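Engineer: structural data only, the sequence is not supplied:
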């Protein structure tokens, strides 16, 4: 039989396949062939009447894509929720009053000084930030100001702000292995910074997880600094 790709109503299926290819899941060609072979071994004389098989293929592919990244993240320690906001002072006031927590003084950051990379290059940008430790997790607030960054991109898309990334940490000795593993799954790096206390990379996992993913490789000096930050006030 000939597998026909000129079948009315398969637009959703093609979108699903494109989604898999964009995310470069492992053995994607093999997976594509398997799903087509099982569900769409049809010729032009057998048009699809029931698109439930298309929906099944879509669901199956997306499940596999998510499973790959979640398996990787499950091996790491969840460390931080990163909120990008349009007014950091208003957000601090609200969270302090509603959650009864205290944030350190808001500080200003500069991408060129910290050598923060945006899509592989240090691009001029700055903003305001603060973070606190609460309930076993850091809450980071970021208000982008001038320039371009992944935080500016998020606020441009969501002017009211929101949770832009989730961060996971591990000792810096295992950092490169995890970075390579996520990269091989097809997720592009959209931001990165090397700091004396940690190496950090941000991945574009928006389509799969709804947020970006930050991986932090903590140095020995970093663990000491985090220990101080995690102590009760």
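Structural biologist: Okay, I see it. Owing to the predicted nature of the structure, the values given are computational and were not obtained by experimental measurement. Numbers count the residues shown, from 1 in each chain.
Engineer: skipping adjacent residues, who's closest to residue 191 in space?
Structural biologist: Spatial nearest neighbour of residue 191, chain neighbours left out: residue 202 (3.8 Å); criterion: C-beta to C-beta, 6 or more residues apart in numbering. Heads up, the C-betas are built off the backbone N, CA and C, glycines and all.
Engineer: contact partners for the one you found?
Structural biologist: Residues in contact with residue 202 (C-beta atoms under 8 Å, 6 or more residues apart in numbering) are 150, 165, 189, 190, 191, 192, 212, 213, 214.
Engineer: sort out for me which of those residues are in strands.
Structural biologist: 165, 189, 190, 191, 192, 212, 213, 214 (DSSP state E).
Engineer: just checking, residue 226 touches residue 219?
Structural biologist: No. Using C-beta atoms under 8 Å, residue 226 is not in contact with residue 219; the gap is 10.3 Å.
Engineer: follow-up on the earlier one: nearest to residue 93 among the contacts of residue 202?
Structural biologist: Proximity of those to residue 93 (C-beta to C-beta) peaks at residue 165, which lies at 22.6 Å.
Engineer: the closest one contacts residue 214, correct?
Structural biologist: Yes. Here residue 165 reaches residue 214: they are 5.0 Å apart, a contact under C-beta under 8 Å.
Engineer: tell me, what's touching the two both at once?
Structural biologist: Joint contacts of residue 165 and residue 214 (C-beta under 8 Å, 6+ apart) are 82, 202.
Engineer: flag the shaky bits of this structure, pLDDT-wise.
Structural biologist: Counting by pLDDT under 70, the chain has low-confidence residues at 1-66, 233.
Engineer: I'd say residue 214 and residue 167 touch.
Structural biologist: Yes. Shown here, residue 214 and residue 167 form a contact pair, counting by C-beta under 8 Å, at 3.9 Å.
Engineer: what do these two both touch?
Structural biologist: 80, 82, 200.
Engineer: what's the closest non-adjacent residue to residue 216?
Structural biologist: Nearest to residue 216 is residue 169, by C-beta to C-beta, 6+ apart, at 4.2 Å.
Engineer: tell me what the helix or strand harbouring the one you found is packed against?
Structural biologist: Secondary structure from DSSP states H and E places residue 169 in strand 162-171. Applying 3 or more C-beta pairs under 8 Å, 6 or more residues apart in numbering; DSSP states H and E, we find strand 162-171 packed against strand 77-84, strand 137-147, helix 150-157, strand 198-203, strand 212-218.
Engineer: using JSON lines, please lay out the ones you listed together with distance to residue 180.
Structural biologist: Converted to JSON lines, these look like this (distance: least, C-beta to C-beta, whole Å):
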{"stretch": "strand 77-84", "distance to residue 180": "19"}
{"stretch": "strand 137-147", "distance to residue 180": "25"}
{"stretch": "helix 150-157", "distance to residue 180": "21"}
{"stretch": "strand 198-203", "distance to residue 180": "11"}
{"stretch": "strand 212-218", "distance to residue 180": "11"}
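Engineer: work out which residue lies at the spatial centre of this protein.
Structural biologist: Nearest to the mean C-alpha position of the chain, by C-alpha atoms, centre = their mean, lies residue 212 at 2.2 Å.
Engineer: and the strand holding residue 169, how far from the chain's centre?
Structural biologist: Its chain's C-alpha centre and that of strand 162-171 lie 8 Å apart, by C-alpha atoms, centre = their mean, to the nearest Å.
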